[in-house]
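K.L.:
Would you be able to build a 3D model of this:
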Amino acid sequence: MKYSSKYSSKFSWRRAAAIAKKEYFHIMRDPFTLGVALVIPVFMVIMFGIAIEFNVKNIPISVSDADNTQSSRRLIDTFGSSQYFEIKHISDPSLALTDIMAQRTHAGLIIPPGFEKDLLAGRGSRSQILVDGSDNSTVGPVLGYLSSIQNIASKRIGEFDPPVFYEIRTRFLFNPELNSRWFVIPGLNVIVMAMLSILLTALTVAREWENGSMELLLSTPVRPIEIVIGKLAPYGALGTLAITFVFIIARVFFGVPFVGNLAVYGLGCFLFLLTYLAQGLLISVVTRKQQLAMQLAMMTGMLPSQLLSGFVFPIESMPKFFRYLTMLLPARWFMRISRDSFLKGATLVELAIPFLALTALCALMITMGIRRFKRDLEP
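P.N.:
So this is what the prediction gives:
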């Protein structure tokens, strides 16, 4: 089947609107698309917003107290009352390593005999902490907690304040309570919307290629840019509605503050959605198969957005090659726009670099999609 090469030389909003209207009716008749667009984002934000917690608490720790004195009990109470550790008493110090090997605990506290005696004699008391080094997510927080617990234990056990040669006072800006959900939810919004937008166009448009309806559209005198605008507009509206729902959930359900400018945040959402919608459209044009489109969408959009956008792993900690590679990911730039808008109240000037990068990536995706359509129109 040959595609039409005699399309109108002038762009027509009427033709683009007709394609958008046709796409709108298709969406309204497809409960799967509506569910993906509106239900899944809300469900994922609520579920992962509750489940994801970067503040490690309730770490199981095996405790062996061979001294069994008032001082040793105070040390154990310091660990238990910190809310960071869950105490499991054991009779034999060797069982601490056994529990760690069996994944029953992540750490062990061994208090040797003579703990209080050495303390009262002024020789200094010693105890041993065993930490499961295979779990990197636990090691760092445990080491951080031990420093605070040691200071508290010195006051409770020795009833004295350790000598202070200098004092550092810390103030946490923008998130004074260190509430991990305030950090997670704005980033989770980016991941969910990236998954949603790229799948919406990649799967639904690829389905049209499989059904043959896209070939009928390409046989008409319609310009490629009219097809692109007509296809993206309804899904852009769906994505905007989903972002609104997610924003309301973040503010009302999780109580995440928003101190930025809504117009700046809205502009970032628009560019981000448009970029991933255009990427999904490009994937559908290249693959023309739903299964292949889903696989390519996961490889190029969903997985990189989760792992290389700075959502979990700081970009500054990545090797130099991957730090440069993340510059090609729209999610990396919108992650900064989202978090800085929610917590810092960053202005458009302060977010100039992320906005310029996102605009360039958006223009690139749209251009590539239009050119691919044009090659199909003019074989």
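K.L.:
Grab the nearest non-local neighbour of Gly230.
P.N.:
Leaving out its chain neighbours, the residue that sits closest to Gly230 by Cβ to Cβ, 6 or more residues apart in numbering is Ile19, at 2.6 Å. Heads up, the C-betas are built off the backbone N, CA and C, glycines and all.
K.L.:
Lowest mean pLDDT among the helices and strands of this protein, which one is it?
P.N.:
helix 213-218 (a mean of 69; mean pLDDT, DSSP states H and E).
K.L.:
helix or strand right after it?
P.N.:
If you walk from helix 213-218 toward the C-terminus, the next helix or strand you reach (DSSP states H and E) is helix 224-248.
K.L.:
Just give me how far that following helix sits from the chain centre.
P.N.:
Helix 224-248 has its average C-alpha position 21 Å from the chain's average C-alpha position, going by Cα atoms, centre = their mean, to the nearest Å.
K.L.:
okay, now the domains of this protein?
P.N.:
Under the assignment automatic domain parsing, the domains of the chain span 13-52+178-377, 59-157.
K.L.:
roughly how far apart are Gly310 and Lys320?
P.N.:
Separation of Gly310 from Lys320 (Cβ to Cβ, to the nearest Å): 15 Å.
K.L.:
okay, these two: which has more neighbours?
P.N.:
In this view Gly310 and Lys320 are compared by other Cβ atoms under 10 Å, and Gly310 has more residues nearby, 21 against 7.
K.L.:
The more buried one: what secondary structure?
P.N.:
Secondary structure of Gly310, reduced to three states by DSSP: H, G, I helix; E, B strand; the rest coil: coil.
K.L.:
Among the domains of the chain, show me which one is buried the most.
P.N.:
When neighbours are counted by mean count of other Cβ atoms under 10 Å, the highest per-stretch mean among those falls to domain 13-52+178-377, a mean of 19.
K.L.:
distance between that one and the chain's centre?
P.N.:
Computed by Cα atoms, centre = their mean, the chain-centroid distance of domain 13-52+178-377 equals 14 Å.
K.L.:
same question, stretch 129-140
P.N.:
For stretch 129-140, the distance to the chain centre is 24 Å (Cα atoms, centre = their mean).
K.L.:
got the contact list for Gly301?
P.N.:
Counting by Cβ atoms under 8 Å, 6 or more residues apart in numbering, Gly301 touches 194-195, 198, 276, 279-280.
K.L.:
can you list the weak-confidence ranges in the stretch 1-150 of the chain?
P.N.:
1-9 (pLDDT under 70).
K.L.:
picking that back up, now the contacts of Gly301 in a markdown table, with pLDDT?
P.N.:
Written out in a markdown table, the entries for the contacts of Gly301 read as follows (pLDDT from 0 to 100):
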| residue | pLDDT |
| --- | --- |
| Ala194 | 88 |
| Met195 | 83 |
| Ile198 | 88 |
| Tyr276 | 92 |
| Gln279 | 90 |
| Gly280 | 89 |
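K.L.:
so whichever strand or helix holds Ala263 versus helix 224-248, what angle?
P.N.:
Counting by DSSP H and E, the secondary-structure element that holds Ala263 is helix 262-287. In terms of direction (axes from the mean of the first three to the mean of the last three Cα atoms, to 10 degrees), helix 262-287 departs from helix 224-248 by 130 degrees.
K.L.:
next structured bit after helix 262-287?
P.N.:
helix 290-297.
K.L.:
quick one: contacts of that following helix?
P.N.:
Contact with helix 290-297 is made by 198-199, 202-203, 206-207, 210, 280, 283-284, 286-287, as judged by Cβ under 8 Å, 6+ apart.
K.L.:
which helices and strands does whatever helix or strand comes next after that helix pack with?
P.N.:
Using DSSP H and E, the helix or strand that follows helix 290-297 towards the C-terminus is helix 303-307. Using 3 or more Cβ pairs under 8 Å, 6 or more residues apart in numbering; DSSP states H and E, the elements in contact with helix 303-307 are helix 180-211.
K.L.:
Checking my notes, Ala153 in a strand, right?
P.N.:
No: note on Ala153: no strand contains this position according to three-state DSSP, which reports helix.
K.L.:
Over to Val63. Which of the three states is it?
P.N.:
Following three-state DSSP, we place Val63 in the strand state.
K.L.:
List the contacts of the residue nearest to it when sequence neighbours are not counted.
P.N.:
Spatial nearest neighbour of Val63, chain neighbours left out: Leu109 (4.6 Å); criterion: Cβ to Cβ, 6+ apart. By Cβ under 8 Å, 6+ apart, the contact list for Leu109 reads 61-64, 75-76, 79, 96, 127-130.
K.L.:
Having no further points to raise, I will conclude here.
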